[in-house]
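S.K.: no sequence for this one, just the structure:
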DNA sequence: AAAAATTAATTAAACGTTTGTTTAATTCAA
DNA sequence: TTGAATTAAACAAACGTTTAATTAATTTTT
């Protein structure tokens, strides 16, 4: 059954995201997915291969490429859409994003490389937008690598340091939905305002 | 011996930072610290208590408070110093910073609360600087919580997604020192430029 | 179309390690 | 001589993985 494979991966995503790879046992996953323990080896070969399968499943490439090819949009509009896209994407799947962040500390080089490859691919698209804006004298010269890092880092911060932000924003720390609802629009507004000031060529020193 | 306690914690910091709490065994720590396995329970009671002891040891409160009380500095100068302080602090101890980030996903509520408390304390100091700048009509109105998140998040991103950035910046991924040397000045420059554009009241829309 | 043969899916049980922690004996210092 | 520091060994529990047996589904043969 193909959907049973997916069912296992969905449960694994939740548990890996909540407790980390090493903090989650294959028995945990099997139990929550209502499958026999041996099915995980049967389907994926090993716990680590299962994580790789999960990363492959969730890594969708198409969105940013499509956005970039739309020539009716100005660089400003594109950057706004990038922000909306990433905030929605990350806030819509906090667990997977946690996995992507924590995977960088994996002992498996394969997994680190896989994650790096996914991130590089997305980075290249944003870089194109920024370079285009600079060429058109709309954006000023900035550190492109770290500007992308700022966007990703700001969003990541609100999910990774979540206990900190729930305290700060007075949200019930166990209510995922309430937190998402509160932080999503704020993140979008803040990042757009931040990038506007940062990139606008009128603010060149 | 008090220094043996510290020696264990130093080794634990390195291993926890590299492989995570669950990815590090107490036998690993004992072996690398050249102490008997039982000494860890003897000194700290448990693996988790050892992590708490490590967090307590490294959480130094004084620096930002002192900076804030210095009335000879303008809000701009204070923010620049905050950036220097955090970049140096995090880049000078990547392992500890990793622990602080990953600890948010700990299953221990004690540890999550401890980390949150440390972060809140630092946040309050930066908030004071930003509010003071706004009162003096130097800084414009911004989302203070997320502005701090941007500073922390941007730095975190370069340490947490390190395999990504070593690839991006063409640095040997196994050479800690080379990466630190390359990323530290860039981070400071980028963050100061970013915050300047973001906070300057002249850029008010 | 029914029966037989073959492959795939699923299971409970066991495998050998590794885990964090404890014990009880021993060495060391005051 | 008393109490703290240190040790090797053992503890039970949990770990990822494998095995061998059984059931379900599919294909082949009659």
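M.R.: Structure received. Because the structure is predicted, anything quoted here is derived from the model rather than measured.
S.K.: can you list the weak-confidence ranges in chain A?
M.R.: A:1-2, A:61, A:205 (pLDDT under 70).
S.K.: if you count residues, which helix in it comes out on top?
M.R.: helix A:109-135 (DSSP state H).
S.K.: Buried residues, that one. List them.
M.R.: Neighbour-count burial for helix A:109-135 flags A:111-112, A:114-116, A:118-119, A:122-123, A:125-126, A:129-130, A:133-134 (criterion: 16 or more other Cβ atoms under 10 Å in any protein chain shown). For the C-beta atoms, the positions are set from N, CA and C on the backbone; glycine is no exception.
S.K.: Name the next helix or strand downstream of it, please.
M.R.: With elements assigned by DSSP states H and E, the helix or strand that comes after helix A:109-135 is helix A:144-160.
S.K.: what does chain A put close to DNA strand C?
M.R.: Proximity of chain A to DNA strand C (Cβ under 7 Å from any atom of the strand) is limited to residues A:1, A:4, A:35-39, A:42.
S.K.: which pair in those spans the largest distance?
M.R.: A:1 and A:37 (16.9 Å; Cβ to Cβ).
S.K.: Mind checking which of the two has more residues around it?
M.R.: Neighbours were counted for residue A:1 and for residue A:37 using other Cβ atoms under 10 Å in any protein chain shown; residue A:37 has more, 13 against 8.
S.K.: The residue of chain A found nearest DNA strand C: how many residues sit nearby?
M.R.: Closest residue of chain A to DNA strand C, Cβ to the nearest atom of the strand: residue A:36 (3.1 Å). Residue A:36 has 10 neighbours, counted by other Cβ under 10 Å.
S.K.: buried set for stretch A:55-65?
M.R.: Buried-residue list, stretch A:55-65, by 16+ other Cβ under 10 Å: A:55, A:58-59, A:64.
S.K.: Quick check: the farthest pair among the residues you listed?
M.R.: A:55 and A:64 (17.5 Å).
S.K.: Identify the residue nearest residue A:75 in space, chain neighbours excluded?
M.R.: Once flanking residues are discounted, residue A:75 sits nearest to residue A:133: 3.3 Å by Cβ to Cβ, 6 or more residues apart in numbering or on different chains.
S.K.: check contacts around the one you found.
M.R.: Counting by Cβ atoms under 8 Å, 6 or more residues apart in numbering or on different chains, residue A:133 touches A:75-76, A:79, A:139, A:199.
S.K.: Could you check how far residue A:27 is from DNA strand D?
M.R.: For residue A:27, the distance to DNA strand D (Cβ to the nearest atom of the strand, to the nearest Å) stands at 5 Å.
S.K.: I'd like to know which elements whichever strand or helix holds residue A:28 is packed against.
M.R.: Assigned by DSSP H and E, residue A:28 belongs to helix A:26-32. Counting by 3 or more Cβ pairs under 8 Å, 6 or more residues apart in numbering or on different chains; DSSP states H and E, the packing neighbours recorded for helix A:26-32 are helix A:2-19, helix A:38-44, helix A:47-58.
S.K.: before we move on, back to that, contacts with DNA strand D among the contacts of residue A:133, please.
M.R.: Answer for those near DNA strand D: none qualify (Cβ under 7 Å from any atom of the strand).
S.K.: Quick check: the gap between residue A:130 and DNA strand D.
M.R.: From residue A:130 to DNA strand D the distance is 41 Å (Cβ to the nearest atom of the strand).
S.K.: Give me the spatial nearest neighbour of that residue, chain neighbours excluded.
M.R.: residue A:144 (5.1 Å).
S.K.: How many neighbouring residues does that neighbour have?
M.R.: 18.
S.K.: Surely it and residue A:131 touch.
M.R.: Yes. The pair residue A:144 / residue A:131 is scored as a contact, 7.3 Å apart, by Cβ atoms under 8 Å.
S.K.: hang on, the earlier thing: which of the contacts of residue A:133 lies closest to DNA strand D?
M.R.: residue A:79 (41.1 Å).
S.K.: Quick one: residues contacting the closest one.
M.R.: A:129-130, A:133, A:192, A:195, A:199.
S.K.: who's in contact with stretch A:3-17?
M.R.: A:24, A:28-30, A:32-33, A:35, A:39-40, A:43-44, A:50-51, A:53-54, A:57-58, A:93-99.
S.K.: Around DNA strand D, pick out the residues from chain A.
M.R.: Counting by Cβ under 7 Å from any atom of the strand, chain A sits next to DNA strand D at A:24-28, A:37-38, A:40-41, A:45-48.
S.K.: Narrow those to those that are buried.
M.R.: So, by 16+ other Cβ under 10 Å, the buried ones in the residues of chain A next to DNA strand D are A:24, A:26, A:40, A:47.
S.K.: any chance of the residues you listed in JSON lines, plus distance to residue A:18?
M.R.: Output for those, formatted as JSON lines (distance: Cβ to Cβ, whole Å):
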{"residue": "A:24", "distance to residue A:18": "8"}
{"residue": "A:26", "distance to residue A:18": "15"}
{"residue": "A:40", "distance to residue A:18": "18"}
{"residue": "A:47", "distance to residue A:18": "16"}
